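Asks: Task: produce atomic coordinates for the following.
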Amino acid sequence: MDFTTRNDTFLENENMIRRVMRRNLPLIHALRLEWDDVYQELAIAALRAIESFDPSRSNSIKVHIWAKLQ
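Replies: The predicted structure is shown next:
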């Protein structure tokens with residue numbers, strides 16, 4: 001996957017990061033984690049998920065990204 005396609009895919013699915021963070025807000029606060037640090041870690045995980053996506057194993061990149069962010 002080329003750089004531009006990867007970035008476009010990331011931007012199209014960036015809202016998943018915030019959804020995961022909102023779901024885990026009590027845990028983030030309990031562990032006193034910085035919001036920006038958690039976002040950055042999840043963004044890296046999303047980029048890795050995009051890079052590791054194999055269309056022969058799954059036909060939905062959104063499902064793949066969501067599973068990796070959980």
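
Asks: So for the longest helix anywhere in the chain, what gets flagged as buried?
Replies: In the chain, taking DSSP state H as the definition, the longest helix is helix 35-52. By neighbour count on 16 or more other C-beta atoms under 10 Å, the buried set for helix 35-52 is 38, 42, 45-47, 49-50. The way it works is simple: take the backbone N, C-alpha and C, and place the C-beta from them, glycine included.

Asks: what mean pLDDT does that helix have?
Replies: The pLDDT scores in helix 35-52 average 96.

Asks: Could you export the buried residues of helix 35-52 as JSON lines, including distance to residue 17?
Replies: Formatted as JSON lines, the buried residues of helix 35-52 follow (distance: C-beta to C-beta, whole Å):
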{"residue": "38", "distance to residue 17": "9"}
{"residue": "42", "distance to residue 17": "5"}
{"residue": "45", "distance to residue 17": "9"}
{"residue": "46", "distance to residue 17": "6"}
{"residue": "47", "distance to residue 17": "11"}
{"residue": "49", "distance to residue 17": "11"}
{"residue": "50", "distance to residue 17": "12"}
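
Asks: just those residues now: which is nearest residue 19?
Replies: Of all those, the one with the least separation from residue 19 (C-beta to C-beta) is residue 42, at 10.1 Å.

Asks: thinking again about what came up before, right, and the pair among the buried residues of helix 35-52 with maximum separation?
Replies: 38 and 50 (18.9 Å).

Asks: For the most centrally placed residue in the chain, give its distance to residue 59.
Replies: By C-alpha atoms, centre = their mean, the chain has its centre lying nearest to residue 46, at 3.1 Å. Separation of residue 46 from residue 59 (C-beta to C-beta, to the nearest Å): 19 Å.

Asks: The spatially closest residue to residue 48 that is not a sequence neighbour: which element?
Replies: Excluding the flanking residues, the one nearest residue 48 by C-beta to C-beta, 6 or more residues apart in numbering is residue 68, at 7.1 Å. Residue 68 is located in helix 61-69, with elements delineated by DSSP states H and E.

Asks: Give me the angle between that helix and helix 35-52.
Replies: 130 degrees (axes from the mean of the first three to the mean of the last three C-alpha atoms, to 10 degrees).

Asks: Could I get the average pLDDT for helix 61-69?
Replies: In the prediction, helix 61-69 has an average pLDDT of 93.
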